[in-house]
Structures are given as structure tokens and as C-alpha cells.
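> predicted model and sequence follow; I will ask about them next.
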Amino acid sequence: MNMISLSLKQSTLSSLLLSNPRKPQKPQSLPLNFSLIPQNKTQSLSNILSSKPLYQQSPISSRSTVCQAYEDKPSGRSMVVPVKEETKQRFKISIYFATWWALNVVFNIYNKKVLNAFPFPWLTSTLSLAAGSLIMLVSWATRIAETPKTDLDFWKALAPVAIAHTIGHVAATVSMSKVAVSFTHIIKSGEPAFSVLVSRLLLGESFPLPVYLSLVPIIGGCALAAITELNFNMIGFMGAMISNLAFVFRNIFSKKGMKGKSVSGMNYYACLSILSLLILTPFAIAVEGPKLWAVGWQNAVSQIGPNFVWWVAAQSVFYHLYNQVSYMSLDEISPLTFSIGNTMKRISVIVASIIIFHTPVQPINALGATVAILGTFFYSQAK
């Protein structure tokens, strides 16, 4: 009887299961109890469950491993290095400019003193190049400076640059032997006008309108300064103008012929001085000659005394040094910065020469000089 009732119950249960099959139930989400999780685990878990997408979240920190490859912000150390390098570079450029201007002022003062007592600009120019050549030859021989690696092609390319440099150097010295240093440099501030005209007429280069407009104050200021110059001399004026034209061609030849030549600025100017010395020496002997030099030297020494020898040595050495520093600065700064520095150099030379030599200046003459120099500054900005 019991067996019959048990079988009936099993059959009834089987029929109920087949008639009402159970559907699988979804697992119920249980509330997370963070109180049971350690604090550091809770923080990590809360970061994972934050509303931000993963690619916007900051990486989870770990005590054992630190990866900085994908950090959004650079570390403080990487920010300090560029700032220090930039500050160091600015300080270096400032030293270059200050040295360049100071050496140029000293050269112009001693050069004018020598020319006042010894009016032989061709020999004075030759001695300046000879001193620089000797300094660099000794520096190369003693390995103080690295000897440049040059070939025949280098010297061929340098030849037209040296010819233009020689003409410009002698012409400027002739100018300063006839007129005041300030007047020579006022006229030489008109060099950008020659640069634009030569580049436009001979090379076919075109310039933006602001460059042409900047030539108006340059030309006008130089003309006003020349007209109102108390001690005007045509040879001195033409010497400064020829110097401007020669240095424009020097820059053009240098850009065209010296591309791809791996020579530092210091060695480049040293080679330029040596080649210019070889070009200038026979012309200096032909124009002035040893006989005139001997007579003039005796007169200068009798009037000035032994200090005259030191003046000649100073103007020769400082000429090389200021040019060497200017060429070295070209390795560190842009042409625009160099042009601005050259403008400021002329201002320092003009002011210093007026003060030292007590050069009489009329207000209208000072106005012309100011306008010309401002025009040179505007030209460097426009170009």
C-alpha cells in the first residue's frame, strides 16, 4: 500500500514539473558593503566605478610600480631643464652683444686717434688685418683654436667675399680719416638702402612694402645729417658710401658662395682676414708707400710719444676682436637679432665718439642721425 502511494506521488510530481517548467532566474544584484573592504581597496574600487570613461581617468597609483610614460602633465624636472637652457642662452647672447659693442667702441676711439696723428688709412687698414691674421695663426699653431678644414673650393668661394671686405674696410677707414667718427657711422647706417637696391636691381629680389617704406627715413635721415654736418668732407662722405656698397656685395657673395661650408664663425672671419691681407698689402704699398709711412711715423711718435705705438697696436687688435665676436654671434642668433644688434652698436659708437672727441652737433644734425637709425631699426623689423 505504501509502495503504491509513493509511486503515485512521484508521478504527480513529474507531471507538475513537465506542465510548469521553471524559467531561469536572473541573479539579483546585491548591495556592496564597502565597510567590509579595506580602505585602500575601497579607494581603488571607487576609482574603477567612477562615472568617467577609462581613457579619461588618471592611472591608479601603486607603491611598487610607477609608470610615467602616459602622464598628462610633464614632471617638474622636465619643465625646469628647458627654462634653464633658455636662460643660459639669453645670458650668452647678452654677453656676446655687450662684448661686441664694447670692443667696437674701443676700436673706433683708438682708430680715430691713430688717424688724427698718422693720416695713412691704407697702412692702418693693413695693420688691422695683419694683427688678426697673426692672432689666429698663433691660435691654430698652439691649438688654442681648432684649425679649420678647408680646401681649394673654399678659398675660391671666399675670394670675392674677401675682395668686397677689403674694399669696404679701406673705404670706411678713409672716411674716418677725413670726417668725424659719428658722421661716418651715420652714413653707414644707410647700408640697408644699398642692400635693397642692389638685391632688387641686380638679383631681381622683391621685398614687402614695409621694407621699401623703411628706406624713406633711412635715406632722409642720412641726407639731413650730411647737409647739416659742420665738418663735411666729400672724400669722407664717399668713403662711407663706398663702404656700404662693398659690404652689401660681401654679404651677397658670402650667402651665395659659402653655402654648405662647415666652418665656424671665428675661423671663417680668420680666413677672410688672411685672404684680405694678401689682397690689400700690394695696393697699400702702391698707394702710400714705405717712404711716406716712415716720415709719418716719425712725426706721430715725436708729437704723441710712445703712446702712439700702443694706439696702433690697440686699434689693430680690437678691430679683429670685435669682428671675430660679431661673426661668432652669428652662430648663436638669427639674422634679425644680429641686425638689431648692429643698429644698437652704431648708436653706442656715435654717442661714445661725440662724448670723447667733443664733436659739435647741431640739433638738426642730431635729428637726421636719429631718423636714419630709427629707419634702420624699422628695416630690420620689416625684413
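Happy to help now that I have it. Computed from a predicted model, the values in this text were never measured in an experiment.
> contacting residues around Phe232?
Contacts for Phe232 (CB atoms under 8 Å, 6 or more residues apart in numbering) come out as 179, 183, 226. Bear in mind the C-beta positions are built from the backbone N, C-alpha and C, glycine included.
> check Arg200 too.
By CB under 8 Å, 6+ apart, the neighbours of Arg200 are 206-207.
> just the element for it, please.
For Arg200, the enclosing helix or strand under DSSP states H and E is helix 191-201.
> now swap in Thr337 and tell me
Element membership for Thr337, per DSSP H and E: helix 335-357.
> low-confidence ranges in the stretch 201-350 of the chain?
Residues of the stretch 201-350 of the chain that meet the criterion pLDDT under 70 lie in 257-261, 331, 334-336.
> what are the ranges of the helices in it?
Ranges of helices within the stretch 201-350 of the chain are 209-227, 234-257, 265-287, 290-304, 307-329, 335-357, based on DSSP state H, counting those that start in this stretch.
> which of these sits closest to Thr99?
helix 307-329 (5.2 Å; CB to CB).
> tell me which residues in the helix holding Thr337 are buried?
With burial defined by 16 or more other CB atoms under 10 Å, the residues of helix 335-357 counted as buried are 338-343, 345-350, 352-354, 357.
> just want the angle from the helix or strand that that helix is followed by to helix 209-227.
Using DSSP H and E, the next helix or strand after helix 335-357 towards the C-terminus is helix 363-382. Using axes from the mean of the first three to the mean of the last three CA atoms, to 10 degrees, the inter-axis angle of helix 363-382 relative to helix 209-227 is 160 degrees.
> just the buried residues of helix 363-382, please?
365-366, 368-380, 382.
> hmm, back to that, now, which of the buried residues of helix 335-357 sits nearest Lys149?
Phe338 (25.2 Å).
> so that closest one makes contact with Leu330?
Yes - because the distance of 6.0 Å satisfies CB atoms under 8 Å, Phe338 is recorded as touching Leu330.
> and the closest residue to Pro208 other than its chain neighbours, how far from Gly375?
Once flanking residues are discounted, Pro208 sits nearest to Ala382: 6.7 Å by CB to CB, 6 or more residues apart in numbering. According to CB to CB, to the nearest Å, Ala382 and Gly375 sit 10 Å apart.
> correct me, but Ser243 touches Lys188?
Yes - with contact defined as CB under 8 Å, Ser243 reaches Lys188; the gap is 6.3 Å.
> hey, what's in contact with both of the two?
Common neighbours of Ser243 and Lys188, using CB under 8 Å, 6+ apart, are Ala172.
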